[in-house]
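Trainee: output the structure for:
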Amino acid sequence: MWDAIRRIDRLLSFPDACAQRESWRREGRCVVLTNGCFDLLHPGHLHLLERAREFGDALVVALNADRSVRELKGPERPILSERLRAYALGCLRSVDRIFLFDGSRVTEEIRAFAPDVYVRAADRTVVDLDSAELRALREVGARIEFVPFLPSLSTTALVSRLRRGADSGSPGLPLS
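Mentor: Sure, this is the predicted structure:
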């Protein structure tokens with residue numbers, strides 16, 4: 001198993017991801033980009049990724065590298081390493097390719113990658129997007145889409161719940 005995790009077929013270097021994007025562009029394929037930490041992959045993430053894939057022919061995930069996650073979420077995160085998170089994402093049918101990025105924002109990657117569609121969870125709006133990221137998306141002509149957010153299913157909320165002690169008599173999070 002560890003050999004499989006060391007060899008994650010869908011995880012590309014950023015230059016290779018851009019080359020793949022160009023190949024897809026020549027084929028006339030619509031390429032979707034989303035990004036995030038994807039620490040402790042959960043149904044909220046799966047919902048986002050499945051819906052994001054519906055906006056195009058290929059879905060690429062810009063995955064925050066470990067240093068980036070610590071910068072954004074604090075010293076106790078990530079819970080899973082970038083390799084394990086990439087492995088989990090790479091096992092999903094909805095995800096075609098993954099690349100790591102080390103910054104707190106994905107601005108330069110957007111400019112270089114030039115997705116046709118950029119997807120975020122609808123816990124944010126266009127107003128909430130980082131202004132530099134928004135400028136980059138407009139520069140490359142990317143359409144911006146938002147997928148409905150599933151409440152109570154953020155990694156931060158789940159980690160908090162685990163720290164409080166999940167055994168409160170409830171069998172888990174409600175489906176509604």
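Trainee: in a strand, Ser94, correct?
Mentor: No - Ser94 is assigned coil when assessed by DSSP: H, G, I helix; E, B strand; the rest coil, not a strand.
Trainee: output the below-cut-off pLDDT ranges for this protein.
Mentor: By pLDDT under 70, the weakly predicted segments of the chain are 1-7, 124, 151-163, 166-176.
Trainee: do that again at 50, thanks
Mentor: 169, 171, 173-176 (pLDDT under 50).
Trainee: longest helix in it, by residue count?
Mentor: Using DSSP state H, we find that the single longest helix of the chain is helix 14-26.
Trainee: just the strands in this structure please.
Mentor: For the chain, the strands defined by DSSP state E occupy 11-12, 31-36, 58-64, 97-101, 117-121, 143-147.
Trainee: want to throw those strands into TSV with mean neighbour count?
Mentor: Any C-beta I mention is one placed from the backbone N, CA and C, and that applies to glycine too. Listed next are those as TSV, based on neighbours: other C-beta atoms under 10 Å:
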stretch	mean neighbour count
strand 11-12	20
strand 31-36	24
strand 58-64	25
strand 97-101	22
strand 117-121	22
strand 143-147	17
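Trainee: turn those strands into a markdown table, including distance to Pro43.
Mentor: Shown next, in a markdown table, are these (distance: least, C-beta to C-beta, whole Å):
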| stretch | distance to Pro43 |
| --- | --- |
| strand 11-12 | 23 |
| strand 31-36 | 15 |
| strand 58-64 | 17 |
| strand 97-101 | 19 |
| strand 117-121 | 12 |
| strand 143-147 | 13 |
